[in-house]
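Trainee: Prediction below, plus the sequence it came from.
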Amino acid sequence: AIFEVISSEHSYLLSLEILIRMFKNSRELSLTMTKTESHHLFSNITDVYEASKKFFEELEARHQRNILIDDISDIVARHAGSTFDPYVKYCTNEVYQQRTLQRLLATNAAFKEVLSQIESHEDCRNLPMISFLILPMQRVTRLPLLMDTICRKTPKDSTKYENCKQALKEVSKLVRLCNEGARKMERTEMMYTINSQLEFKIKPFPLVSSSRWLVKRGELTAYVEDTGLFSKRTSKQQVYFFLFNDVLIITKKKSEESYNVTEYSLREQLQVLPCDGEEPCSPPGKNAAGMLQSGRNATSQLFRLVLLSNHARDRVEMLLGAETLSDRARWITALGRDSDGHPTDRTTLAQVEIIRTYTAKQADELSLQVADVVLVYQKVNDGWYEGERLRDGQRGWFPSECAKEITCRATLDKNMERMGRLLGLETNV
């Protein structure tokens, strides 16, 4: 495990050198974009490279002094606690980096052509630039797992074990800071964007706050009871939800970038109830089973939402329909998260290993790397799982096709022990 830290750091350092030499320092590529775009793409990658170089040189020096090197914990702890500060800045910039690259590829033909030429160079091994840009994020999340392996193989009664624990604590803190930086930047950007798209038709709500972030957004079908002079009938309306960590904003979509706010309620005032498939829910008041049965395909993924107190302090009941089984499960989970007061025993959960990288496309999804281990809280029949990433405790949804189930009991137990160490240390940094 110690040799793997050294050898993988060397390989990583070489890849960073390729990123800087072939892409960042390319005059031809720089001429196709502005200085701001270049900064958003490459950020402080040179500082990250220098930090990695210092780390590797110290590891290599110790290896040269003793080829049977038996401890690197002090080196790891020292660099994770200070030298690796540039990683936090680089990871925080990730949202700008991804957005800038996507925009340049979509709208800048000259950039796309030059980039393609560079990527085809033999030094780049036919890898796209994005593969190099994400290396620092991948490396920093890999370090706690490598240090945890070293911890497991170090006798607990030896003096080196405490050094290992301290190193693991420092790299876990580094990962947490990187994740928090990236999340905070992304959330702030998202809040300002959404706020500019909302038009309040009711009493305005001060949306932008440093402690507020988007949990889930999307369109649902609302079933509304219309009362006539002699009869009642149920009609369908499309509503668009913005669910934040502390408030639900209900809107009607005007366009992709414009929404009329019709309702809002604090999240603590929400109650969500699933509707059993055998007996379709009916809208508040009268039974509308006939209408629901006639449109079974479009209305079978139903659930109830109760706003105990809305913007006008009224109680509101809503019958909502989602397009798919997984969408319904995801809304019920998101809306009802705070009301679930029963902690789950993680040892009873299924575990899966990720076999294909997945990048989250929505706020309630989980980005995953190959070899990540995830604890599965929910499985939905149309191909989605909800799970918790073992390495950092982040929770979200991902496609089941990206994962394979772990069945070996020894591996399951080892993974739970590792999660306990990683999360236990991370909460005490």
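Mentor: The structure has been received and is ready for your questions.

Trainee: got the contact list for Lys253?
Mentor: Contact analysis of Lys253 by C-beta atoms under 8 Å, 6 or more residues apart in numbering lists Glu219, Gln238, Tyr240, Tyr259. C-beta coordinates here come from the backbone N, C-alpha and C atoms, glycine included.

Trainee: what's the longest helix in this structure?
Mentor: Ranked by number of residues, the top helix in the chain under DSSP state H is helix 159-197.

Trainee: Now that helix: buried residues?
Mentor: Neighbour counts over helix 159-197 (16 or more other C-beta atoms under 10 Å) mark 160, 163-179, 181-183, 185-187, 190-191, 194, 197 as buried.

Trainee: Please name the spatially closest residue to Lys201 (chain neighbours excluded).
Mentor: Computed as C-beta to C-beta, 6 or more residues apart in numbering, the closest residue to Lys201 that is not its neighbour in sequence is Asn260, at 5.3 Å.

Trainee: Over to the one you found. Which of the three states is it?
Mentor: What DSSP: H, G, I helix; E, B strand; the rest coil gives for Asn260 is strand.

Trainee: Quick one: low-confidence residue ranges for this protein.
Mentor: When residues are selected by pLDDT under 70, those of the chain lie in 226-232, 276-300, 338-343, 423-429.

Trainee: how does it divide into domains?
Mentor: 2-195, 201-339, 346-426 (automatic domain parsing).

Trainee: Determine how far the last one lies from the middle of the whole chain.
Mentor: Right, the one you point to is domain 346-426. Centroid displacement of domain 346-426 relative to its chain, using C-alpha atoms, centre = their mean, to the nearest Å, is 12 Å.

Trainee: try the second one
Mentor: The chain centre lies 25 Å from the centre of domain 201-339; the measure is C-alpha atoms, centre = their mean.

Trainee: quick revisit: most surrounded residue in the contacts of Lys253?
Mentor: Counting neighbours by other C-beta atoms under 10 Å, Tyr259 comes out on top of the contacts of Lys253 with 21 neighbours.

Trainee: who's the spatially closest residue to it that is not a sequence neighbour bridged to?
Mentor: Closest residue to Tyr259 apart from its sequence neighbours, by C-beta to C-beta, 6+ apart: Thr251 at 3.9 Å. Beta bridges link Thr251 to Tyr240, Val261, judged by DSSP bridges.

Trainee: Tell me where the stretch 201-350 of the chain has strands.
Mentor: 214-227, 232-244, 247-255, 258-266, 270-274, 302-307, 316-321, 350-354 (DSSP state E, counting those that start in this stretch).

Trainee: got JSON lines for the ones you listed, with distance to Ile45 too?
Mentor: Below are the strands of the stretch 201-350 of the chain laid out as JSON lines (distance: least, C-beta to C-beta, whole Å):
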{"stretch": "strand 214-227", "distance to Ile45": "29"}
{"stretch": "strand 232-244", "distance to Ile45": "33"}
{"stretch": "strand 247-255", "distance to Ile45": "38"}
{"stretch": "strand 258-266", "distance to Ile45": "37"}
{"stretch": "strand 270-274", "distance to Ile45": "43"}
{"stretch": "strand 302-307", "distance to Ile45": "46"}
{"stretch": "strand 316-321", "distance to Ile45": "46"}
{"stretch": "strand 350-354", "distance to Ile45": "26"}
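
Trainee: next helix or strand past the longest helix of the chain?
Mentor: Downstream of helix 159-197, the next assigned helix or strand under DSSP states H and E is strand 198-200.

Trainee: What strands flank that following strand, and is each parallel or antiparallel?
Mentor: Taking DSSP bridges as the criterion, strand 198-200 forms sheet pairs with strand 258-266 (parallel).

Trainee: Quick check, Phe23 in contact with Phe132.
Mentor: Yes. Using C-beta atoms under 8 Å, Phe23 is in contact with Phe132, at 6.8 Å.

Trainee: List of residues touching the host helix or strand of Glu388?
Mentor: Using DSSP H and E, Glu388 sits within strand 384-389. Contact with strand 384-389 is made by 326, 329-330, 333, 346, 352, 366, 368, 372-379, 394-400, 403, as judged by C-beta under 8 Å, 6+ apart.

Trainee: Okay, angle between that strand and strand 350-354 too, please.
Mentor: Angle of strand 384-389 versus strand 350-354, following axes from the mean of the first three to the mean of the last three C-alpha atoms, to 10 degrees, is 90 degrees.

Trainee: What are the buried residues along strand 384-389?
Mentor: Trp384, Tyr385, Glu386, Gly387, Glu388, Arg389.

Trainee: Would you mind saying which of the strands of the stretch 201-350 of the chain lies nearest Lys361?
Mentor: For Lys361, the closest of these is strand 214-227, at 11.7 Å, according to C-beta to C-beta.

Trainee: helices and strands around that closest one, which ones?
Mentor: Contact analysis of strand 214-227 by 3 or more C-beta pairs under 8 Å, 6 or more residues apart in numbering; DSSP states H and E lists helix 159-197, strand 232-244, helix 296-299, strand 316-321, helix 325-336 as its packing neighbours.

Trainee: Adding distance to Val306, write these out as a markdown table.
Mentor: Converted to a markdown table, those look like this (distance: least, C-beta to C-beta, whole Å):
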| stretch | distance to Val306 |
| --- | --- |
| helix 159-197 | 24 |
| strand 232-244 | 14 |
| helix 296-299 | 19 |
| strand 316-321 | 5 |
| helix 325-336 | 10 |
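
Trainee: Just tell me which of these ends up closest to Leu14.
Mentor: Of all the helices and strands packed on strand 214-227, the one in closest proximity to Leu14, counting by C-beta to C-beta, is helix 159-197 (21.4 Å).

Trainee: could you say what helices and strands that closest one packs with?
Mentor: So helix 159-197, by 3+ C-beta pairs under 8 Å, 6+ apart, packs with helix 73-78, helix 85-92, helix 94-107, helix 135-152, strand 214-227, helix 409-426.

Trainee: what angle separates it from helix 135-152?
Mentor: 150 degrees.

Trainee: and the angle for helix 159-197 with strand 232-244?
Mentor: Using the same axes, to 10 degrees, helix 159-197 lies at 130 degrees relative to strand 232-244.

Trainee: Asn93 against Ile45, yeah?
Mentor: No. Using C-beta under 8 Å, Asn93 makes no contact with Ile45, being 9.6 Å away.

Trainee: In contact with Leu101, which residues?
Mentor: Applying C-beta under 8 Å, 6+ apart to Leu101 gives the contacts Leu41, Met129, Ile130, Leu133.
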